[in-house]
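Enquirer: can't give you the sequence, but here's the structure:
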Ligand SMILES: [Zn+2]
């Protein structure tokens, strides 16, 4: 088994925002009202202070649970004529254009945070993936036998990640991944995602310290303990992902480019920094399910398993990596 990491040079730092949400946001209320008043029809709604035209709204299946336990609903639509996904969760709604791949404003540095993400100028630099041989054998997670019927992705939001808008997070990083898995890669499997914060030992883990492989092993073990405490620990399809702010001090560099994610190839745990690009979660999840860099594509856009290239993220896997994931899941 190999440790694989993803290096991207985006040249920015995480910035925690503290905007507790206590009631349904005005945007969420506007979306709910307009969508229910116009079933099957185009409508206008105010979102982030300006009017948007929503056309062709259709619900997409998704089993995602937010940190407060509320379920997410996902939609596809044209928003001002552009393909978009819309995620509604808890008291929030979020619209993400599929062509929008720059870092979202919530993760911008303080000086740039007032810019809209489409106006970002990014320090792309160069980036490469890093492949390391694992130094320590990884013990198989407990309870990894039995037929595979469900993929359970546990996404732990580290306290330093500053992620407090689950609709934005789900939409930005996982909505298109979820849709592709359901529609094109594993339509026979049930796919669930659980977002968790404030899990002692995990969301406050000192992931900077010591050996990064050991940290991933620790995450795998603690994640499984947590899943078991929720009565769902015995799934061979369970994977554990820790989303952090600052990238780990022990993650290293690849040709001077910072590494923005870590995963054990075909392993059960991964870490990503939310200072990385939009496809960083799909990339690291892909490693855990057998997708490879070798079968990625970097033109005309960066497929999920590509390293960073100064082109938009495709927000999907290549046909070859879809097949790699299918084969990997079939072995169960
Ligand atoms: Zn990689």
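Expert: Received the coordinates, thanks. These numbers were taken from a predicted model, which means no experiment stands behind them. Numbers count the residues shown, from 1 in each chain.
Enquirer: and the closest residue in space to residue 160 that isn't next to it in sequence, how close does it get to the ion?
Expert: Of all residues not flanking residue 160 in the chain, residue 245 sits nearest, at 4.2 Å (CB to CB, 6 or more residues apart in numbering). C-beta coordinates here come from the backbone N, C-alpha and C atoms, glycine included. For residue 245, the distance to the ion (CB to the ion, to the nearest Å) stands at 20 Å.
Enquirer: is it true that residue 245 touches residue 274?
Expert: Yes: applying CB atoms under 8 Å, one finds residue 245 in contact with residue 274, separated by 6.3 Å.
Enquirer: could you pull out the helices for the chain?
Expert: Assigned by DSSP state H, the helices in the chain fall at 26-37, 166-169, 175-180, 212-229, 280-288, 319-330.
Enquirer: what's the second one in contact with?
Expert: With CB atoms under 8 Å, 6 or more residues apart in numbering as the test, helix 166-169 has contacts from 28, 66-68, 72, 87-90, 92-94, 96, 104, 106, 157, 163, 195, 243, 274.
Enquirer: quick one: low-confidence parts of the stretch 51-200 of the chain?
Expert: Scanning the stretch 51-200 of the chain for pLDDT under 70 picks out 101-147.
Enquirer: where do the strands sit along it?
Expert: Chain-ordered strands for the stretch 51-200 of the chain, with DSSP state E, counting those that start in this stretch as the definition, fall at 64-65, 72-79, 82-89, 92-97, 130-133, 150-157, 190-196.
Enquirer: okay, angle between the last one and strand 82-89 too, please.
Expert: Pointing back at strand 190-196 there. 70 degrees (axes from the mean of the first three to the mean of the last three CA atoms, to 10 degrees).
Enquirer: near the ion, which residues of the stretch 151-300 of the chain show up?
Expert: Counting by CB under 5 Å from the ion, none of the residues of the stretch 151-300 of the chain come close to the ion.
Enquirer: and if we set it to 6 Å?
Expert: Residues of the stretch 151-300 of the chain found near the ion, taking CB under 6 Å from the ion as the criterion, are 283, 287, 293.
Enquirer: which pLDDT does the model give the last one?
Expert: It refers to residue 293. We note a pLDDT of 85 for residue 293 in this prediction.
Enquirer: how many neighbours does it have?
Expert: 19 (other CB atoms under 10 Å).
Enquirer: what of residue 300?
Expert: 9.
Enquirer: and the nearest residue to it once chain neighbours are set aside, what is it in contact with?
Expert: Distances taken as CB to CB, 6+ apart put residue 311 closest to residue 300, at 6.6 Å, once the chain neighbours are dropped. Residue 311 sits next to 298-302 when contact means CB under 8 Å, 6+ apart.
Enquirer: now do residue 311, the pLDDT please.
Expert: Reported pLDDT for residue 311: 75.
Enquirer: residues in contact with the residue of the chain positioned farthest from its centre?
Expert: Distance from the C-alpha centroid of the chain, by CA atoms, centre = their mean, peaks at residue 37 (31.7 Å). The contact partners of residue 37, taken as CB under 8 Å, 6+ apart, are residue 43.
Enquirer: count of neighbours near residue 32?
Expert: For residue 32, the tally of surrounding residues (other CB under 10 Å) stands at 14.
Enquirer: if I look at it, how far off is the ion?
Expert: 39 Å.
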